[in-house]
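Asker: Pasting the sequence and the predicted model now:
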Amino acid sequence: DVKVTQSSRYLVKRTGEKVFLECVQDMDHENMFWYRQDPGLGLRLIYFSYDVKMKEKGDIPEGYSVSREKKERFSLILESASTNQTSMYLCASSLFQGTTDTQYFGPGTRLTVL
Amino acid sequence: KQEVTQIPAALSVPEGENLVLNCSFTDSAIYNLQWFRQDPGKGLTSLLLIQSSQREQTSGRLNASLDKSSGRSTLYIAASQPGDSATYLCAAEEGGSNYKLTFGKGTLLTVNP
C-alpha cells in the first residue's frame, strides 16, 4: 500500500515564526502536492512538484514556499506564519503524468497560528 | 477556470437506503473525475476514478458515473451503512494539467442506524 506520512498531526506556532511541514511518500512517486483545506472553501492547491528540485505554483502560493531535494520528501515552508494560515494542510503524491493513477493523501497537519 | 459543485452539502439517511451524491463541473475538457472519502480530521481516501473515455466505474457497493457532455458525475451508494458516514468529495483533473485536481466542497453524509 502507498503510504504518505506527514511530520505532525497538530502544530501550534506563533505569528512571525518560520514553519516547516514535512511530507514523505514511500512509493517512488514523481508528483507531490500540498493543499490546504478550510471550511466553506474546500481543498485548494498551494504548490506541486513533478520531479526533484522542480515545482509549480498552485492556486494560492502566496506566503508559502516549497522544497524538494529528494524524490520521497516534499516540504512546505511558511516563511513568516500569519493567523490566516491557520488551516488543515494535506500532502499528496501520485505517479508520473500519463497514467491514470489517483493521488494518495497523507493524514493531514492541523496548524494553528496564534 | 474549472469550478466543481457538489449538491447537497449534507445528507442524512437511514441505514439500508440507497443514495446518490451529485457533482457538476463547468469545463468538460477533463482528463478524469475522481471521488474521495474523508473521515473527520483525516486525509482523503480515493474511492473511484473515471477516465474521460469511460461512463462509469464500480467498486463493491459504490458506482460512479460520468457524463462529460452535461458536466455531471454521480456517486451511487447501495444499501448504506453507518460506516459510510463521512464527507465525500469529487475532483476533476484538468486535461494537460500535470495532475492538477479541482475539488468540490464535499457532501457530508450521515447514515443513521
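Answerer: Perfect, thanks for sending it. Numbering: from 1, shown residues only, chains lettered A, B, ... in the order given.
Asker: my guess is B:Ser24 meets B:Lys68, correct?
Answerer: No. With contact defined as C-beta atoms under 8 Å, B:Ser24 and B:Lys68 do not form a contacting pair (11.5 Å). C-beta coordinates here come from the backbone N, C-alpha and C atoms, glycine included.
Asker: right, and A:Val12 touches A:Leu114 too?
Answerer: Yes. Between A:Val12 and A:Leu114 there is a contact at 6.6 Å, judged by C-beta under 8 Å.
Asker: tell me which element the residue nearest to the spatial centre of chain A is part of?
Answerer: Central residue of chain A (C-alpha atoms, centre = their mean): A:Trp34, 2.7 Å from the mean position. Using DSSP states H and E, A:Trp34 falls within strand A:31-38.
Asker: Report the mean confidence score over that strand.
Answerer: Here strand A:31-38 scores 95 as its mean pLDDT.
Asker: Other residues contacting it?
Answerer: A:21, A:23, A:25, A:43-50, A:58, A:60, A:64, A:66, A:68, A:74, A:76, A:87-97, A:103, A:108, B:98-99 (C-beta atoms under 8 Å, 6 or more residues apart in numbering or on different chains).
Asker: quick one: strands adjacent to it?
Answerer: Here strand A:31-38 has these sheet partners by DSSP bridges: strand A:42-51 (antiparallel), strand A:87-94 (antiparallel).
Asker: got a list of contacts for stretch A:81-92?
Answerer: With C-beta under 8 Å, 6+ apart, stretch A:81-92 has contacts from A:4, A:6, A:13-19, A:21, A:23, A:32-38, A:43, A:63, A:74, A:76, A:78, A:103-106, A:108-114, B:43-44.
Asker: Now the buried members of those.
Answerer: A:4, A:6, A:13, A:19, A:21, A:23, A:32-37, A:43, A:74, A:76, A:78, A:103-106, A:108-111, A:113, B:43-44 (16 or more other C-beta atoms under 10 Å in any protein chain shown).
Asker: Out of the residues you listed, which sit inside strands?
Answerer: A:4, A:6, A:13, A:19, A:21, A:23, A:32-37, A:43, A:74, A:76, A:78, A:104-105, A:109-111, A:113, B:44 (DSSP state E).
Asker: if we can go back for a sec, can you flag the buried ones in the contacts of strand A:31-38?
Answerer: A:21, A:23, A:25, A:43, A:45-50, A:58, A:64, A:66, A:68, A:74, A:76, A:87-95, A:103, A:108, B:99.
Asker: Can you give the distance of whichever strand or helix holds B:Phe36 from its chain's centre?
Answerer: Element membership for B:Phe36, per DSSP H and E: strand B:30-38. Taking the mean of its C-alpha atoms, strand B:30-38 sits 6 Å from the chain's own mean (C-alpha atoms, centre = their mean, to the nearest Å).
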